[in-house]
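In: what shape does this take:
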Amino acid sequence: MTEPRATIRLDKWLWYARFFKTRGLAAKTVSAGHVRVNAARVSKPAQAVGPGDTLTFPQAKRIRVVRILAPGTRRGPAPEAQALYEDLSPPAPPPEDRPAPAPKFEGGGRPTKKDRRKSDEMRQHGLE
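Out: Numbers count the residues shown, from 1 in each chain. Okay, here's the model as predicted:
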């Protein structure tokens, strides 16, 4: 006779594994239909998942793909949470592949204290 597979609620596991800061955020993402379990879209936070299941979900401008290794018993420290899954996601692009940040606009906006002192000094000497 085989032992039943240990399962846990999907929202709870995502929270235990520290993919989401709160369980409510995890449940909201699942309810919105943004999570797939074994390639099937899931919309119920109470969906049972266990070891061997593969999850696909968005996280911070990336798509994460993870395989569950253990159901977990608590939301512990990061090393404990990382032992709950195997990351199958492609690595993040290196910094040189990312677009360069927008250039800062010079001379616009509120003056700094140094700029203000300089303009006050110019006013006092009648140079403005």
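In: what segments of the chain are helices?
Out: 10-16, 23-31, 78-82, 113-124 (DSSP state H).
In: most packed of those?
Out: Of these, the one with the most neighbours on average (mean count of other C-beta atoms under 10 Å) is helix 10-16, at a mean of 23. For the C-beta atoms, the positions are set from N, CA and C on the backbone; glycine is no exception.
In: quick one: distance of it to the chain centre.
Out: Centroid separation between helix 10-16 and its chain, computed with C-alpha atoms, centre = their mean, to the nearest Å, is 14 Å.
In: CA atoms only for it, dumped as PDB, please.
Out: Extracted in PDB, the C-alpha atoms of helix 10-16 (Å, rounded to 0.1, in the frame of the first residue of the first chain):
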ATOM      1  CA  LEU A  10      -1.000  26.600  -3.100                       C
ATOM      2  CA  ASP A  11      -1.200  30.100  -1.500                       C
ATOM      3  CA  LYS A  12       0.300  28.800   1.700                       C
ATOM      4  CA  TRP A  13       3.200  27.100   0.000                       C
ATOM      5  CA  LEU A  14       4.000  30.200  -2.100                       C
ATOM      6  CA  TRP A  15       4.100  32.200   1.200                       C
ATOM      7  CA  TYR A  16       6.200  29.500   3.000                       C
END
